[in-house]
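>>> give me a 3D structure for the following:
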Amino acid sequence: MLPLDRQFAESIDGVSRALAEWSLGLLFERNPGLEARYGSQARPLWKGEMTNRLQYLAEAIAADRVGIFLESVEWARAAFLAREMEPNDLLESLKALEETVRAELPAQVASRAGRFIAEGIAALERSPKDDGVVASLLDAPYVDGTRARLYLMHMLERKQAKAIDVLLEAVRSGRSVAEVYESVIAPALVEVGRMWHLREATVADEHYVTTATQAAMSVLRAKLPAGNSNGKWALAASVGGDLHDVGIRMVSDLLESDGWQVDCLGANMPTIDILDHIRDDVADTGDGTASRVKFDLICLSASTGLVVRSIADAIAAIRRECGTDCPAILVGGGPFRAIPDLWKVVGADGCALSASDAVRAAARVCG
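Presented below is the predicted three-dimensional model:
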């Protein structure tokens, strides 16, 4: 990330509460019918919407990738339609936000922010007025749609044992554990997230499926072949602020099966704790002196656009800490699938689009 882009983003962060309030006032002044349509919660609802949009805007500007902002607008539109809310209200909110940032922010920041919001407005105006469907990953060609749907159905019915049977049957039929991870489990988790966003599933549903899936993965893990050790160590974690860790655990499992020794630290790992772990685990020459960082590879995951700066900051801190001994750094997660060159923006050495791709990418970046 360029220092000027980060500075622009921090300018928005510093006044985001005020920007949200000013935009809210302008929106309700121009659209007096909002109070009647949304009732007593109208202003808190729209202030939350403005604040959320500004968070994505700041991340997009820090990375200078408008796609981060546009994806958030697309999901907001789908949520509005799912809740039988008027998508034109979302359009009006972006117009109020654009006018506010152009009027209130310093000229350079206002120009960049206004351009990004204008692209969001244009995307909304191009969208079909009554089509809020976000495509289901279960229909993707690489997905085992039948098993993924059956697995998810059992999980939503709280029938964990039957869901695990679906996975084991897939393995018995000749699917590798990696294939089951990527063609059954991963798309099922994305689908329950989509269902929650569209109000087709509850928060409890989403949490249950995620937690039960971790147990299911522990069963599958026993089916993974044990690869011969390659003598290399990897550290894997989801960065601070990211509460999702199923993906990074899949990566860890497949790396271990490929012969890596992996320390998986799980979700929401603050950068300081990642650095402490790197400092605590160093190779020893035998005479009591630390010769180098033990890890050959660090895998970092980001599941949403809201942690793009977090992953960039983690990478920068790791490079400062390790100096010339810095391990190769591999990133992955939703934002990196959506924006192909984002891994370069955050300063990584490579990007993985799936858990099995992480194994291949690890071999590339570590030679």
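
>>> now do the contacts for the nearest residue to L91 once chain neighbours are set aside.
Nearest non-adjacent residue to L91, counting by C-beta to C-beta, 6 or more residues apart in numbering: L124, 4.9 Å away. The way it works is simple: take the backbone N, C-alpha and C, and place the C-beta from them, glycine included. Neighbouring residues of L124 by C-beta atoms under 8 Å, 6 or more residues apart in numbering: V73, R77, P87, L90, L91, L94.

>>> thought V73 was touching N52, still the case?
No - taking contacts as C-beta atoms under 8 Å, N52 lies outside contact range of V73: 10.6 Å.

>>> between these two, which one's more packed in?
Counted by other C-beta atoms under 10 Å, N52 and V73 do not tie: V73 has more neighbours, with 23 against 14.

>>> so which helix or strand takes in that one?
With elements taken from DSSP states H and E, the one containing V73 is helix 66-82.

>>> residues of the helix or strand just after that helix that come out buried?
The helix or strand immediately downstream of helix 66-82 is helix 87-104, counting by DSSP H and E. Buried residues in helix 87-104, counted by 16 or more other C-beta atoms under 10 Å: 87, 89-102.

>>> same check, this time on stretch 208-222
For stretch 208-222, by 16+ other C-beta under 10 Å, it's Y208, V209, T210, A212, T213, A216, M217, L220.

>>> the fifth one contacts V246, doesn't it?
Read that as T213. Yes - using C-beta under 8 Å, T213 makes contact with V246 at a distance of 6.1 Å.

>>> which strands and helices sit next to the helix holding V73?
Helix 66-82 sits against helix 42-63, helix 87-104, helix 107-126, helix 186-197, helix 334-338, with contacts defined as 3 or more C-beta pairs under 8 Å, 6 or more residues apart in numbering; DSSP states H and E.

>>> so H197 makes contact with A78?
Yes - the criterion here is C-beta under 8 Å, and H197 meets it with A78 at 6.8 Å.

>>> quick one: which of the two has more around it?
A78 (19 against 16).

>>> my guess is that one meets R199, correct?
No - applying C-beta under 8 Å as the test, A78 and R199 come out as separate, 10.4 Å apart.

>>> quick one on the thing from earlier: what's next to the helix holding V73, contact-wise?
By C-beta under 8 Å, 6+ apart, helix 66-82 touches 49, 52-53, 56-57, 59-60, 86-87, 89-90, 94, 115-117, 119-120, 123-124, 127, 130-134, 197-200, 305, 308, 335, 338-339.

>>> can you pull the contacts of V346?
Counting by C-beta under 8 Å, 6+ apart, V346 touches M1, A63, V308, I311, A312, I315, V331.

>>> any weak-confidence spans in this structure?
The chain contains residues with pLDDT under 70 at 129-135, 280-292.

>>> center of it, which residue is that?
Computing the C-alpha centroid of the chain and ranking residues by C-alpha atoms, centre = their mean puts S303 first, at 1.4 Å.

>>> count the neighbours of the closest residue to that one other than its chain neighbours for me.
Distances taken as C-beta to C-beta, 6+ apart place H244 nearest to S303, at 4.2 Å, with adjacent residues excluded. By other C-beta under 10 Å, 20 other residues sit near H244.

>>> and H244, helix, strand or coil?
Secondary structure state of H244, per DSSP: H, G, I helix; E, B strand; the rest coil, is coil.
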